[in-house]
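Peer 1: please work out how this folds:
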Amino acid sequence: MGCSTCGDRAAKAAAQYPREVVLADGTRVTVNSPAQERTERERARQRQQAADRQSAKERGYTVGR
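Peer 2: Predicted coordinates for the structure are as follows:
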């Protein structure tokens with residue numbers, strides 16, 4: 001149940017979980033909380049970034065620092 005200042009927004013937000021989300025790389029994952037959803041989205045972003053770097057490396061691109 002929500003508090004008097006936010007009404008029932010908190011209860012409605014909690015009622016959305018568990019749910020299945022589609023990540024940017026196309027994978028589907030079931031999440032149980034907003035924190036887990038953020039974590040899964042970050043992991044997908046990192047996987048995509050690693051794949052992009054590997055693809056660029058295979059094409060001969062390098063990173064200079």
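Peer 1: contacts and neighbour counts: CA atoms only from here.
Peer 2: Will do.
Peer 1: what's around Arg59, how many residues?
Peer 2: Per other CA atoms under 10 Å, the neighbour tally for Arg59 reads 9.
Peer 1: over to Arg53?
Peer 2: Count around Arg53 with other CA under 10 Å applied: 15.
Peer 1: in what helix or strand does it lie?
Peer 2: helix 34-58 (DSSP states H and E).
Peer 1: contacts for that helix, please.
Peer 2: Applying CA atoms under 8 Å, 6 or more residues apart in numbering, the external contacts of helix 34-58 come out as Val21, Leu23, Ala24, Asp25, Val29, Val31, Thr62.
Peer 1: gap between Lys12 and Thr39?
Peer 2: 21 Å (CA to CA, to the nearest Å).
Peer 1: do Val21 as well
Peer 2: Distance of Val21 to Thr39, computed by CA to CA: 12 Å.
Peer 1: any idea which helix or strand comes after the lowest-mean-pLDDT helix or strand in the chain?
Peer 2: The least trusted helix or strand in the chain, going by mean pLDDT, DSSP states H and E, turns out to be helix 9-14, with a mean of 71. The element immediately downstream of helix 9-14 (helix or strand, assigned by DSSP H and E) is strand 19-22.
Peer 1: buried sites along the helix holding Arg53?
Peer 2: Residues Glu37, Glu40, Arg41, Ala44 are the ones in helix 34-58 that count as buried (16 or more other CA atoms under 10 Å).
Peer 1: list buried residues within the contacts of helix 34-58.
Peer 2: Buried by 16+ other CA under 10 Å: Leu23, Val31, out of these.
Peer 1: from the contacts of helix 34-58, which land in strands?
Peer 2: Val21, Val29, Val31 (DSSP state E).
Peer 1: just to revisit the earlier point, dump the buried residues of helix 34-58 to CSV, plus pLDDT and distance to Arg53.
Peer 2: Listed next are the buried residues of helix 34-58 as CSV, based on pLDDT from 0 to 100; distance: CA to CA, whole Å:
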residue, pLDDT, distance to Arg53
Glu37, 94, 24
Glu40, 96, 20
Arg41, 96, 18
Ala44, 96, 14
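Peer 1: in TSV, list the residues you listed along with distance to Ala50.
Peer 2: Below are the buried residues of helix 34-58 laid out as TSV (distance: CA to CA, whole Å):
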residue	distance to Ala50
Glu37	20
Glu40	15
Arg41	14
Ala44	10
